[in-house]
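Trainee: need coordinates for the below:
(one chain, ligands or ions: 2)
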Amino acid sequence: AKTNFVIAIDGFSSCGKSTVAKALAKELNFVFIDSGAMYRAVTLYFLRKNIDFSNLKEVDSALSKIQIDFVPNGSNTEIHLNGTDVSAEIRQMYVSEQVSEVAAIKAVRVAMVAQQQLLGARRNIVMDGRDIGTTVFPDADLKLFMTADPEIRAQRRFIELQAKGEHTTMEEVRANLSHRDLIDSTREESPLRQADDALVIDNSNLSQEEQLNLVIAKYQAIKLQNA
Ligand code: CDP
Ligand code: CDP
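Mentor: Numbering: from 1, shown residues only. Ligands and ions are numbered 1, 2, ... in the order given. Coordinates of the predicted model:
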């Protein structure tokens, strides 16, 4: 019988998924996996190697040369691409601009979903992404679907990128979020959509603490029910 607890968090870009996922993992002592970081790492590799995304042979051969690892470092988790920490680089705008195109490729999704399912087997985990509650872990014990007002999301992401010293404009950030949301929710292969049994959280007006408390309460209710 299944003994682990899986929390799946999905939603559009910059809705606070990874913020709440990280806080939850810390609070519950679960493993946190940022599935978006994996698609970003693949995209970084494709860009570095000048892979033609439309050439399936090139894509397949590149995928066979990619090793992605999550490496704990203190209270953080680094993402390594073929042995090198790429955590900062994958967040840069030039990766964000191509990641949804790469994540729409079937071979890329098949490879990443398989790896995500392995990472979540027999462990208590929190995983955030776009298709976690629908495709990766359709039997997750708790599914969340996060939303927030698009303008608030763009503002939050803009502030975050500025703090990292990235030269970008509010207009660029807004355009990137709506571009990715459109591709992510209309692609053929496991598009972003809300699972029927997901708890929907609009955090437009919630603080990080408020959203965490809401989810913890839900988690505790499920634990009681299952006991
Ligand atoms: O920037 P943000 O945190 O919103 O995005 P992310 O979670 O880092 O994901 C980057 C991109 O990866 C998304 O825009 C999707 O195109 C793709 N992705 C996906 O297709 N499926 C997932 N489970 C996670 C991310
Ligand atoms: O993972 P996802 O792309 O959904 O979003 P995120 O990276 O967790 O959150 C995007 C930004 O919104 C971060 O800078 C968070 O600190 C901020 N945020 C916030 O200000 N208030 C919340 N209730 C949730 C997130």
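Trainee: can we go C-alpha only for contacts and neighbour counts from here?
Mentor: Noted.
Trainee: return the distance of the lengthiest helix in the chain from the chain's centre.
Mentor: Ranked by residue count, the top helix of the chain under DSSP state H comes out as helix 208-226. Relative to its chain's centre, helix 208-226 lies at 20 Å (Cα atoms, centre = their mean, to the nearest Å).
Trainee: do it and ligand 2 come into contact?
Mentor: Yes - Helix 208-226 reaches ligand 2 (Cα under 6 Å from any ligand atom) through Q208.
Trainee: residue numbers of this protein in contact with ligand 2?
Mentor: Listed as neighbours of ligand 2 in the chain under the rule Cα under 6 Å from any ligand atom: 13-19, 156-157, 160, 203, 206-208.
Trainee: returning to that earlier point: what does the longest helix of the chain rub up against?
Mentor: 19-20, 23-24, 142, 201, 203 (Cα atoms under 8 Å, 6 or more residues apart in numbering).
Trainee: contacts with ligand 1 among those residues, please.
Mentor: Applying Cα under 6 Å from any ligand atom, the subset of these adjacent to ligand 1 is empty.
Trainee: quick one: the strands in the chain?
Mentor: Assigned by DSSP state E, the chain shows strands spanning 6-11, 31-34, 68-73, 76-81, 84-85, 125-129, 142-147, 199-202.
Trainee: those strands into a markdown table, with extra columns for mean pLDDT?
Mentor: Converted to a markdown table, these look like this (pLDDT from 0 to 100):
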| stretch | mean pLDDT |
| --- | --- |
| strand 6-11 | 98 |
| strand 31-34 | 96 |
| strand 68-73 | 95 |
| strand 76-81 | 95 |
| strand 84-85 | 98 |
| strand 125-129 | 98 |
| strand 142-147 | 98 |
| strand 199-202 | 96 |
